[in-house]
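1. Build me a model:
(one chain, ligands or ions: 1)
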Amino acid sequence: MIPALLPTYARNELAFERGEGAYLFATNGRKYLDFASGIAVTALGHCHPHLVKALIEQGQKLWHTSNLFQIPEQQRLGERLVANTFADTVFFGNSGAEAVELAIKMVRKYHDETGNPGKYRVIGCNGSFHGRTLATLAAAGNEKYLKGFEPVVDGFDHVPFENMNELRAKITGETAAILVEPVQGEGGVRAGSDQYLRALREVCDEYGLLLVFDEIQCGMGRTGKLFAYEWPDVKPDIMTVAKALGGGFPVGACLATEKAAQGMKAGSHGSTFGGNPLAMHLGNAVLDVMLEPKFLEQVRRVSGYFHGKLKSLVAKHPGIYVEARGKGLLAGLRCEVPNTEVCDKLRAAGMVTATAGDNVIRLLPPLIAEERHIDEAIGILDGVARDWKR
Ligand SMILES: *Cc1c(COP(=O)(O)O)cnc(C)c1O
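-> Numbers count the residues shown, from 1 in each chain. Coordinates of the predicted model:
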């Protein structure tokens, strides 16, 4: 008999009833160090006082009105994102996949508007993840997720990550855009090199393509800059954001330059829930904290500390952990032994993590993590590796 919940997840046995900062408390009475952060969502940890206050404040005032009306909180969050990024304009939705879906629509509309309706194909990378809608699945091209859901949405080509030769060879007169995660999350925690990200911008300029960065996982402070594109200083034309944007409240956004968004007019796109006052008030509260002068500085400091410790761990346990990767607090450990088993053992030892492609353990501490949390995590990773050898 089918369970009451559609059985699309292979869930583990834990249920949590409370969270506080970097810790989760389960119904089994145990405390867990949370290095999954709800898959890069609860970037300020659990129950951050500023977010709790904001939730209660707006909860008692106004939740939803629809986009038929002016929404001052949405206006404010849009203006703040514009002020702090490459973008000139923002559309708010409820999830990452919706943001990528709009990015794809915007790409097609741009070329249609500028007299090239035949340009509609988007080149993406192997090992990427962009969401679970029909178009975002096609954009990522992961056969495992597409199987049985054919026909695949047309208009997407794929090349290996970090490979400019193959990418250049894929460009045709129908190519409209390049869609890349500056740091691949789901696919195995691979950070694109500065050189690669700059080369993407150059090739887009050369062929009149739009550059779309999916920063749903690597954005919002995760790499130690508000957005990962700031490291190589490569400005995209369109960028998708979600996960940490609402600090745990579902919010997604598609940011764009005026040029890229020129085809989008009244009626071109919409969302019933997107950008409602409650979601926007929380998005603003997240930005209040992340834009504090010292916030990202601490993320960078703790990241440096974390990566140093991860490298030592790999040197110490080469039969278990073979490579430390990622950028900032989007870190990964490629394993020699099955990553799912490592994940289970880490959980049994009191730490929650996530897996990723390429046999990687994904480590996503909240951005409020301090050196002591890193030490605790490294201790658990070390202990699991030692027990494994016995
Ligand atoms: C999580 C994720 C998505 C999809 O976001 P949803 O909110 O699950 O739809 C898209 N792109 C990247 C890079 C992600 O990490």
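2. I'd like the distance between the nearest residue to Gly185 once chain neighbours are set aside and Pro151.
-> In this structure, Gly185 finds its nearest non-sequential neighbour in Gln217, 3.6 Å apart by Cβ to Cβ, 6 or more residues apart in numbering. For glycine as for every other residue, the C-beta is placed from the backbone atoms N, C-alpha and C. Distance of Gln217 to Pro151, given as Cβ to Cβ, to the nearest Å: 28 Å.
3. Before we go further, Arg325 is sitting in a strand, right?
-> Yes. According to DSSP: H, G, I helix; E, B strand; the rest coil, Arg325 belongs to a strand.
4. you'd agree it is up against Gly192?
-> No. Using Cβ atoms under 8 Å, Arg325 makes no contact with Gly192, being 11.6 Å away.
5. So if I had to pick from those two, which one is more boxed in?
-> Set side by side, Arg325 and Gly192 show more neighbours around Gly192, with 26 against 22, by other Cβ atoms under 10 Å.
6. what's the pLDDT at the residue nearest to the more buried one when sequence neighbours are not counted?
-> Nearest non-adjacent residue to Gly192, counting by Cβ to Cβ, 6+ apart: Pro182, 5.2 Å away. Listed pLDDT for Pro182 reads 98.
7. Pro182 and Ala228 touch, don't they?
-> Yes. Between Pro182 and Ala228 there is a contact under Cβ under 8 Å: 4.0 Å.
8. Common neighbours of these two, please.
-> Taking Cβ atoms under 8 Å, 6 or more residues apart in numbering as the criterion, Pro182 and Ala228 both touch 213, 215, 218.
9. Could you count how many residues lie near the last one?
-> Cys218 is surrounded by 32 other residues when neighbours are defined as other Cβ under 10 Å.
10. Test my guess that it contacts Gly187.
-> No. Here Cys218 does not reach Gly187: they are 11.8 Å apart, not a contact under Cβ under 8 Å.
11. so how many other residues sit close to Glu202?
-> 12.
12. element containing it?
-> Per DSSP states H and E: Glu202 is located in helix 194-207.
13. buried residues in that helix?
-> Across helix 194-207, burial judged by 16 or more other Cβ atoms under 10 Å covers 196-197, 199-201, 203-204.
14. Stretch 77-88 too?
-> For stretch 77-88, by 16+ other Cβ under 10 Å, it's 77-78, 80-81, 85-87.
15. hmm, back to that, what helices or strands is the next helix or strand after the helix holding Glu202 leaning on?
-> Next along the chain after helix 194-207, taking DSSP H and E as the criterion, comes strand 210-214. For strand 210-214, the contact count by 3 or more Cβ pairs under 8 Å, 6 or more residues apart in numbering; DSSP states H and E identifies helix 96-113, strand 175-180, helix 194-207, strand 238-241 as packing neighbours.
16. could you redo the last one with a cut-off of 10 Å?
-> Secondary-structure packing of strand 210-214 (3 or more Cβ pairs under 10 Å, 6 or more residues apart in numbering; DSSP states H and E): helix 96-113, strand 121-125, helix 134-140, strand 175-180, helix 194-207, strand 238-241, strand 252-256.
17. for that strand, which positions count as buried?
-> 210-214.
18. tell me the angle of it relative to helix 194-207?
-> 150 degrees (axes from the mean of the first three to the mean of the last three Cα atoms, to 10 degrees).
19. start at 179 instead
-> Okay, using 179 as the starting number, the last item reads as strand 388-392.
20. list residues touching both of Cys396 and Gly365?
-> Glu359 (Cβ atoms under 10 Å, 6 or more residues apart in numbering).
21. Find the nearest non-adjacent residue to Thr311, please.
-> Ala275 (4.7 Å).
22. cool, Pro428 as well?
-> Pro428's closest residue in space is Asn272 (Cβ to Cβ, 6+ apart), at 4.9 Å.
23. The residue nearest the centre of the chain and Glu359: what is the separation?
-> The residue lying closest to the centre of the chain (Cα atoms, centre = their mean) is Gln395, at 1.1 Å. Separation of Gln395 from Glu359 (Cβ to Cβ): 7 Å.
24. intersection of neighbour lists for these two?
-> 307, 406.
25. partner residues bridging the nearest residue to Arg400 once chain neighbours are set aside?
-> Counting by Cβ to Cβ, 6+ apart, Arg400 lies nearest to Leu508, which is 4.9 Å off, once chain neighbours are set aside. Beta-bridge partners of Leu508, counted by DSSP bridges, are Lys505.
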